[in-house]
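A.B. asks: output the structure for:
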Amino acid sequence: MHSWKGRGLLLGWSLFAASFVCGLGLADDKNKGNDKTVATNADGTESRPEAGWTSRERWLLDRVEELERRVAELEAREKPNVPATTGGGAVAASATAAGIVSTGAPKAGFSSSSATDAAAVGIGPKRDNPAQTGTENKKIEPFSDADWTWLNGNARTKEIFWNTKFFTPEIRADIHYVYDFNHPDDHSMGGSSELFRTNEVQLEQLGVGGDFHYENVRARLMTQFGMYSATTPRNDPSPGHGQWDLDTAYRYVSEAYGGYHFNVLHGINVDAGIFMSYVGLFSYYNFDNWAYQPSYVSSNTPWFFNGVRVQIFPTAHLKIEPWFINGWQAYGSANHRPGLGGQIKWTPAPWISIISNNYGLGEDALFIKGRSRIHTDNSVEVKYYDKPENTLDKMAFTLTGDLGCEYGSGVSCYGNHKGGPKQSFAGWMGYNRFWFHRDMFAVTLGGGQINNPGRYLVLIPPLNGETAITAATSSPYFTGNPGDPFKAWDSSFTFDWMPKQYITFRWEYDYRHANVPYWTGKGGITPPGGNNGAPQFYACSNGSSSGQTSLPAAELACGGGMGSVWFPDLRKNESFIDMAILVKF
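C.D. replies: Numbering: from 1, shown residues only. Predicted coordinates for the structure are as follows:
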């Protein structure tokens, strides 16, 4: 808006001055030899008009040029304080994706890391423009010298509509409709941290917040109203350790932290609170992602951490980010040992991003002391084609690989021996995206697979209202005992229409398969009459609780025979179509 105002002012002044010059020129032609005025230079010497120009005409043209210069300065001062970029685009304006601010992702600063990385450093006190101060800032802000909006997990917005020295607002809306070809009677889906109901329009998230920044002090807040406010706390077992209902306390907050920016190296941020993790590459916010339903190595790994992080930027293309956190996507600590971890992000060229996330030490199995978890998550994103003038204007791919295990208290990382059965996680996912017609349309193909004996990272289906806390005690219908097998793979096709940088219309088809019954079938996963409040026990065919964790005892309590006990309808296959409207300002 400021740019158009400035250009209009410049055009108006130019037209006015030109007409005035012409008028004076005509008058001067009629009165040649009668002009007593002599133009002088700044040093007081008489200026020599160019051939064909009178002194008055030359003076007026100089005034027009002076006005043009002043208008250009005003335009430069009124533009938002966003680092300039190369490579055909601006750095994503939303400093919330995954790296720095949050950077924002997120599962971290812009995307898995980048928009936020640039913002994380940039979100601090506004720096003076070198053109205004006469000094030159030799250090560029991290990840600000290229357009990273193509990355999976980064917001693609390039402009901030409204920004102040103190606050950068952010608003997100995510609404979807799912059609599940299994047609569950209770409209309930399991096995996902993104999709939860079928044959219904649902608000996934309404997020309102932004970034606060003044004199190196930083803070960020983002709300989560909608399905996320129920489903994300449900997957955290740590509120079952002690009192004060942590899942209630944090239910409506997806990000909330404060910290300080130190002007050393290329910037150091110290933040404490809830921040995005970006383990598994995808952002917690679906607007930022290439697909709506990510594969298992993203959907089943942490979206957030609660703790302290330090973001260190030794160079403009490297981030080292250690974490001291309560646990694996945990509001609190499931036992007595916190988790340690960190992220390394490196962008050696504008067409490649390399990210490594690592976690260890934490004891995250509720009610099981002495069982520790380690995990490594590594991704590479490559833009291998970029021709903005062509119909097919851009292509890029991502590849992610994860390895992890649990050890101690009856399980082992290395196999079935005296330490216990193998409890491990191995998985990968890959996606390829094609952009068309100046990034207005995009198609993404992708998928992946996992092998997770012990099922410690498998999302427990919400059978009879099962949660991560109740499943830690007993889960009779879908167990998570040491050595229990779970192998799965999936694939997806995504089409995006992006008429404006602030909105995406998405259509997606997904197919998922598991080696054990896992996905909701026609009969649903809700007992007759609704959840009975005791998911840790078998339910009777009339919907009441048997009060028993073993099947023979449950049959006896329910009246005898297999028909007296209710069973959920679980299938090995699931396919669905989801349609979404995604908005981000």
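A.B. asks: is residue 196 in contact with residue 189, as I believe?
C.D. replies: Yes: at 5.7 Å, residue 196 counts as touching residue 189 under the criterion of C-beta atoms under 8 Å. Using the backbone N, CA and C atoms, a C-beta is placed for each residue, glycine as well.
A.B. asks: please enumerate the helices of the chain.
C.D. replies: With DSSP state H, the ranges of helices along the chain come out as 2-30, 55-78, 115-122, 130-133, 228-234, 246-249, 296-299, 468-473, 551-558.
A.B. asks: can you give the domain ranges for this structure?
C.D. replies: According to automatic domain parsing, the chain is divided into the following domains: 2-78, 115-132+141-525+570-584.
A.B. asks: tell me which of the ones you listed is the most buried.
C.D. replies: Of all those, domain 115-132+141-525+570-584 has the most neighbours on average by mean count of other C-beta atoms under 10 Å, namely a mean of 20.
A.B. asks: which residue packs closest to residue 168, ignoring adjacent ones?
C.D. replies: Once flanking residues are discounted, residue 168 sits nearest to residue 211: 4.6 Å by C-beta to C-beta, 6 or more residues apart in numbering.
A.B. asks: among the domains of the chain, which is nearest residue 546?
C.D. replies: Ranking these by distance to residue 546, with C-beta to C-beta as the measure, places domain 115-132+141-525+570-584 first at 9.3 Å.
A.B. asks: next one: residue 317 relative to residue 482, how far apart?
C.D. replies: Counting by C-beta to C-beta, to the nearest Å, the gap from residue 317 to residue 482 is 43 Å.
A.B. asks: and what of residue 488?
C.D. replies: Remark: distance between residue 488 and residue 482 (C-beta to C-beta) = 19 Å.
A.B. asks: same question for residue 292.
C.D. replies: Remark: distance between residue 292 and residue 482 (C-beta to C-beta) = 33 Å.
A.B. asks: cool, and residue 465?
C.D. replies: Look at residue 465 and residue 482: by C-beta to C-beta, they are 25 Å apart.
A.B. asks: what do you get for residue 415?
C.D. replies: As for residue 415, its distance to residue 482 is 12 Å (criterion: C-beta to C-beta).
A.B. asks: check residue 201 too.
C.D. replies: Counting by C-beta to C-beta, the gap from residue 201 to residue 482 is 41 Å.
A.B. asks: same thing with residue 213?
C.D. replies: 47 Å.
A.B. asks: please name the nearest non-neighbouring residue to residue 397.
C.D. replies: residue 432 (4.4 Å).
A.B. asks: which ones are touching the one you found?
C.D. replies: Shown in contact with residue 432 (C-beta atoms under 8 Å, 6 or more residues apart in numbering): 395, 396, 397, 444, 445, 446.
A.B. asks: let's see 7 Å
C.D. replies: Contact analysis of residue 432 by C-beta atoms under 7 Å, 6 or more residues apart in numbering lists 397, 445, 446.
A.B. asks: ditto for residue 581
C.D. replies: Residue 581 makes contact with 175, 505, according to C-beta under 7 Å, 6+ apart.
A.B. asks: show me what it bridges to in the sheet.
C.D. replies: Residue 581 has these beta-bridge partners by DSSP bridges: residue 175, residue 505.
A.B. asks: next one: it from residue 173, what distance?
C.D. replies: 8 Å.
A.B. asks: pass me the low-pLDDT residue ranges in the protein, would you?
C.D. replies: Where the chain drops to pLDDT under 70, the residues are 1-53, 56, 75-138, 416-419.
A.B. asks: number of nearby residues for residue 552?
C.D. replies: 8 (other C-beta atoms under 10 Å).
A.B. asks: please tell me how far it sits from residue 340.
C.D. replies: Remark: distance between residue 552 and residue 340 (C-beta to C-beta) = 44 Å.
A.B. asks: before we move on, what about residue 320?
C.D. replies: 14 Å.
A.B. asks: next: residue 383.
C.D. replies: Distance check for residue 383 against residue 340: by C-beta to C-beta, it reads 33 Å.
A.B. asks: also residue 74?
C.D. replies: Applying C-beta to C-beta, the value for residue 74 to residue 340 is 50 Å.
A.B. asks: same thing with residue 409?
C.D. replies: Separation of residue 409 from residue 340 (C-beta to C-beta): 19 Å.
A.B. asks: the stretch 101-250 of the chain: strands as residue ranges?
C.D. replies: Remark: strands assigned in the stretch 101-250 of the chain by DSSP state E, counting those that start in this stretch are 167-180, 201-214, 217-223.
A.B. asks: check which helices and strands the second one is in contact with.
C.D. replies: Which is strand 201-214. For strand 201-214, the contact count by 3 or more C-beta pairs under 7 Å, 6 or more residues apart in numbering; DSSP states H and E identifies strand 167-180, strand 217-223 as packing neighbours.
A.B. asks: out of those, the one nearest residue 286 is which?
C.D. replies: So among the helices and strands packed on strand 201-214, strand 167-180 is nearest, using C-beta to C-beta, at 5.4 Å.
A.B. asks: quick check, distance from that closest one to the centre of its chain.
C.D. replies: Put simply, strand 167-180 sits 12 Å off its chain's centre (C-alpha atoms, centre = their mean, to the nearest Å).
A.B. asks: contacting residues around that strand?
C.D. replies: Applying C-beta under 7 Å, 6+ apart, the contact partners of strand 167-180 are 94-96, 123, 160, 162, 189, 195, 197-199, 201-212, 222, 285-287, 574, 576-585.
A.B. asks: circling back to that earlier point, and of the contacts of residue 432, the nearest to residue 280?
C.D. replies: residue 446 (12.9 Å).
A.B. asks: surely residue 585 touches residue 502?
C.D. replies: Yes: the criterion here is C-beta atoms under 7 Å, and residue 585 meets it with residue 502 at 5.7 Å.
A.B. asks: residue 521: what's it in contact with?
C.D. replies: Counted by C-beta under 7 Å, 6+ apart, residue 521 has contacts 182, 184, 569, 570, 571.
A.B. asks: can you count the residues close to residue 562?
C.D. replies: 10.
A.B. asks: what about it, distance to residue 523?
C.D. replies: Using C-beta to C-beta, residue 562 is found at 15 Å from residue 523.
A.B. asks: same question, residue 178
C.D. replies: 18 Å.
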